[in-house]
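Asker: Give me a 3D structure for the following:
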Amino acid sequence: MSKSTSGLSRPPGATTTAITATTAPPAPGARQRRRWWALAAIALSFLVVGLDSYIVVTALPTFSVRLGASESQLQWVTAAYTLAWAGLLLSIGKLGDKLGRRRLLTAGLALFGVASVVASQVSTAGELIALRAIMGAGAAVIMPMGLAIIPLLFPEQADRRRAVTVTTIGALIAMPLGPLLGGWILTHFAWGWIFLINAPIVAVALLGVRLLVPESRDPANPRLDWPGALLSAAGIVGIVYAIIEEPARGWTGPVLASLLAGVVLTGLFAVRQRTCPEPLIDLRLFRDRRFSWGTAAFAILSFALTGVLFILTPYLQSVQGNDAQGTGARLLPMIAALIAAAAASEVLGARIGVRVVIPAGMIVSAAGLVILARASASTGYWLVALALAVFGAGLGLGLPLAAEAVLGTLAPHQTGMGNAVSRTLQSIGVALGTAILGSVLNSAYRGALAGHLTGLPPADRSAAAASIAGARDAAAHLGRSLGPQLAHVASAAYAQGMTHAAVVGIGVLLAGAVLTALRLPGRQAARHPEPSA
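Answerer: Here you go, the predicted structure:
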């Protein structure tokens, strides 16, 4: 193994890494076909996780009616999933290196599928919240383990880059498909089918993974640092919980205490990792600028993607009057541009380097937000479609290359752990995107609306100030004199808030482009891959 940072040495006393396979290697042509079919099974695993997330967001109003869920419980339907996902990622990465990445991937798929089936039969919001946490735990296994297997299937950089592009597209195509499928299911079937739909997809993915994906593990069989695992889980959950709660509750005592406790516990975790003989994560990974800045770029682009979808969905639904299926259809320009740009990024990355293409993608996405910032309450969809297409093109240029930059730095014994580290930081970026852009939007929305709420009944005034959906509901029963007026000013206020949030997103993307261009290495250090399974 190379002693470069792309193949970091193991702690003293550790044995040499090798990859184990459960079957004899097939002929070269069959092996080439087999690994691409194996990649299809991994991509399907990513697709079902993405579909579930976007379908559940579409179904939140249904949970309120069918399960009697309060606003707080609806928030926890998504928060429980996010917290379980974020808290388990680091431990899962090392566990996969120890026990076997295929074994853990199949276990994650099985857990996700079984929890989905049980969730379809629940009768209370509390039961659904508990099962969403279990599904989040399954997703925390699926995503990093699937990515960890890719560099072992595709040790050559060109093939690996193409494989990462395929799986990235597979995950992101769920964005428009989720609302479209969710709206269709809720229109034609019982609400439980939004979870039951996961079962056949999981079954096919499980079959593909078991038959096509070879087993791989670190034969050194490192011990799992259980104290470190507990510190990391508690610290990350504390930080992510504070980020989720701050927009609704502000920096009140419990939220601030959660953040401070999370920071302290994460700091203690970092100290332990520097002294532990077999740490949960190898902090030396961050000495590799390709790993650290590839991870940073992925987190920044995820911040922008999640934050923009969070602020744009109410605009498309409550301001422009589309249902869930219509909203999903209106995201298609972004997905089409993303797919086209992702295909181009593979060629551009090979020819001119990730140091140019990834920052260029951030700048293109920022340009899309510049267009989106011009949208008003009366703007036609064509301007939003143009903004989404430009924004999606930038994501397509940047996201696959950022993910591949991280994968390319990891020696085979590090793939589980390294991907878990990268995905943990990405999950924080996702939470920050929703929290920061959502807070900016809400502040501007309430400020623009404040002067127009006098004279309304207290309940309607409170509902209108809380959200654009609440303002629309209040306007529906206020009568012909006040109702249309409230709907108009609330829509204008929301569009103004969206503009403010877009400006913040532009600033984050441009700052990320500058830093990435300065710090991300242009070419990957030479690496001598160990035999893949």
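
Asker: Residue ranges of each domain in this protein, please.
Answerer: 24-224, 225-279, 284-533 (automatic domain parsing).

Asker: Might one say that Phe298 is in contact with Leu407?
Answerer: No - proximity of Phe298 to Leu407 does not meet the contact threshold set by Cβ atoms under 8 Å, at 10.8 Å. Where you see a C-beta, it was placed from the backbone N, CA and C, and this is true even at glycine.

Asker: and the closest residue to Glu404 other than its chain neighbours, how many residues sit next to it?
Answerer: Nearest residue to Glu404, sequence neighbours excluded (Cβ to Cβ, 6 or more residues apart in numbering): Val164, at 4.3 Å. Other residues near Val164 come to 28 when the count uses other Cβ atoms under 10 Å.

Asker: Skip ahead from the helix or strand harbouring Val164 and say which helix or strand is next.
Answerer: Using DSSP states H and E, Val164 maps to helix 157-172. The helix or strand immediately downstream of helix 157-172 is helix 174-188, counting by DSSP H and E.

Asker: then that next one to CSV, C-alphas only?
Answerer: The C-alpha atoms that make up helix 174-188 are tabulated as CSV, following Å, rounded to 0.1, in the frame of the first residue of the first chain:
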residue,chain,number,x,y,z
ALA,A,174,-36.3,10.3,-5.9
MET,A,175,-36.8,14.0,-5.5
PRO,A,176,-39.5,14.4,-8.1
LEU,A,177,-40.5,10.7,-8.1
GLY,A,178,-41.3,10.7,-4.4
PRO,A,179,-44.0,13.4,-4.4
LEU,A,180,-45.4,12.0,-7.7
LEU,A,181,-45.6,8.5,-6.4
GLY,A,182,-46.8,9.6,-2.9
GLY,A,183,-49.6,11.7,-4.3
TRP,A,184,-50.7,8.9,-6.6
ILE,A,185,-50.7,6.4,-3.7
LEU,A,186,-52.6,8.7,-1.3
THR,A,187,-55.2,9.3,-4.0
HIS,A,188,-55.9,5.7,-5.0
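
Asker: Now tell me what touches that helix from outside.
Answerer: Here helix 174-188 makes contact (Cβ atoms under 8 Å, 6 or more residues apart in numbering) with 47, 49-59, 62, 193-194, 197, 309, 323-325, 327-329, 331-332, 334-335.

Asker: which of these count as buried?
Answerer: Burial by neighbour count, 16 or more other Cβ atoms under 10 Å: within the contacts of helix 174-188 this picks out 47, 49-59, 62, 193-194, 197, 309, 324-325, 327-329, 331-332, 334-335.

Asker: returning to that earlier point: as a markdown table, the domains of the chain with mean pLDDT would be great.
Answerer: Below are these laid out as a markdown table (pLDDT from 0 to 100):
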| stretch | mean pLDDT |
| --- | --- |
| domain 24-224 | 86 |
| domain 225-279 | 87 |
| domain 284-533 | 85 |
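
Asker: Distance-wise, check Val390 relative to Pro458.
Answerer: Distance, Val390 to Pro458, using Cβ to Cβ, to the nearest Å: 43 Å.

Asker: now swap in Ile173 and tell me
Answerer: Taken as Cβ to Cβ, the span from Ile173 to Pro458 is 45 Å.

Asker: out of those two, which sits in the busier spot?
Answerer: Ile173 (19 against 8).

Asker: who's in contact with that one?
Answerer: Contact analysis of Ile173 by Cβ under 8 Å, 6+ apart lists 47, 50, 335, 339.

Asker: Grab the longest helix from this protein for me.
Answerer: Looking across the chain with DSSP state H, the single longest helix is helix 28-66.

Asker: Give me the angle between that one and helix 174-188.
Answerer: Relative orientation of helix 28-66 and helix 174-188, computed by axes from the mean of the first three to the mean of the last three Cα atoms, to 10 degrees: 50 degrees.

Asker: ok, and what's touching the helix or strand hosting Ser258?
Answerer: Using DSSP H and E, Ser258 maps to helix 253-275. Helix 253-275 is contacted from outside by 225, 227-228, 231-232, 234-243, 245-246, 249, 279-283, using Cβ under 8 Å, 6+ apart.

Asker: Which members of those residues are positioned in helices?
Answerer: For the contacts of helix 253-275, membership in helices holds for 227-228, 231-232, 234-243, 245-246, 249, with DSSP H as the criterion.

Asker: List only those of those residues flagged as buried.
Answerer: Buried by 16+ other Cβ under 10 Å: 228, 231-232, 234-243, 245-246, out of those.

Asker: Just list what the longest helix of the chain packs against, helices and strands only.
Answerer: helix 71-99, helix 101-119, helix 125-153, helix 157-172, helix 174-188, helix 193-196, helix 198-212, helix 324-330 (3 or more Cβ pairs under 8 Å, 6 or more residues apart in numbering; DSSP states H and E).

Asker: Could you say which of these is packed most deeply?
Answerer: helix 125-153 (a mean of 24; mean count of other Cβ atoms under 10 Å).

Asker: That one: how far from the chain's middle?
Answerer: With Cα atoms, centre = their mean, to the nearest Å as the basis, helix 125-153 stands 12 Å off its chain's centre.

Asker: what's the angle between that helix and helix 198-212?
Answerer: Counting by the same axes, to 10 degrees, helix 125-153 lies at 30 degrees to helix 198-212.

Asker: helices and strands around helix 125-153, which ones?
Answerer: Short answer (3+ Cβ pairs under 8 Å, 6+ apart): helix 125-153 packs on helix 28-66, helix 71-99, helix 101-119, helix 157-172, helix 381-407, helix 415-449.

Asker: Same list (the contacts of Ile173) but as JSON lines, adding distance to His488.
Answerer: Shown next, in JSON lines, are the contacts of Ile173 (distance: Cβ to Cβ, whole Å):
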{"residue": "Leu47", "distance to His488": "40"}
{"residue": "Gly50", "distance to His488": "36"}
{"residue": "Ile335", "distance to His488": "32"}
{"residue": "Ile339", "distance to His488": "37"}
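
Asker: Which one of the residues you listed is nearest to Leu372?
Answerer: Closest approach to Leu372 among the contacts of Ile173 (Cβ to Cβ): Ile335, at 16.1 Å.

Asker: my guess is the closest one contacts Gly392, does it?
Answerer: Yes - under the criterion of Cβ under 8 Å, Ile335 makes contact with Gly392 at 6.5 Å.

Asker: quick revisit: for Gly507, find the nearest of the helices and strands packed on helix 125-153.
Answerer: That would be helix 415-449 among these, by Cβ to Cβ, at 10.7 Å.
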